[in-house]
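In: Here's my sequence, what's the structure:
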Amino acid sequence: MGITTAKEAAYDPRVLAFGRLMGAANRLEYLLGRALEVECGISHLMFEVLLIVGRSGEAGMSMRAIAQEQVLTTGGATRLVDRMTTLGLVLRSSDPQDRRVQLVRLTARGEETTVRAARVHVENIQRLFLDPLPADHRERFAQDLRTLSHSARDALPKLK
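Out: Prediction:
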């Protein structure tokens, strides 16, 4: 019939499963992010933006697209890219098709930092995220996470 007490709510298997997912994600985010900060001098969010911008190649990526990909406000994306520009990781330029649009591209330092951070990150992901799982579950788990991620992304409202 549904949840009728706080205790039932606390022990609902769906609530417990989601709580475990969030707990694991938060702890892993902390551990993986701290390693990037200590070993590479960048935050995990900066690393994610470096990866996104790196995927766009020479064309660069608009601030709006960065905000949409990272679920940031356009102002939040601008502040983050400003910090990354100060660190010499990215540069901004006007889009030749539309001067109102700012495109973000990796600098040579940004490329090098992305590669170095990716090596650190992959090693830590293997150790903290994959190695604890049974080897025969890892691929299916990764597929399930992709499905959840895409479903949640598609449910988000689009930025205007």
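In: can you point me to the longest helix in this protein?
Out: helix 13-40 (DSSP state H).
In: The helix or strand just after it: which residues count as buried?
Out: Per DSSP states H and E, the first helix or strand lying C-terminal to helix 13-40 is helix 44-56. Neighbour-count burial for helix 44-56 flags His44, Leu45, Met46, Phe47, Glu48, Val49, Leu50, Ile52, Val53, Gly54, Ser56 (criterion: 16 or more other C-beta atoms under 10 Å). All C-beta atoms are positioned from the backbone trio N, CA, C, and that covers glycine.
In: Reformat those as CSV; add pLDDT.
Out: Output for the buried residues of helix 44-56, formatted as CSV (pLDDT from 0 to 100):
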residue, pLDDT
His44, 94
Leu45, 93
Met46, 95
Phe47, 96
Glu48, 93
Val49, 94
Leu50, 96
Ile52, 93
Val53, 94
Gly54, 94
Ser56, 90
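In: just so I have it, where are all the strands in this structure?
Out: 61-62, 90-95, 98-106 (DSSP state E).
In: most tightly surrounded among the ones you listed?
Out: Highest mean neighbour count of the strands of the chain: strand 61-62, a mean of 20 (counted as mean count of other C-beta atoms under 10 Å).
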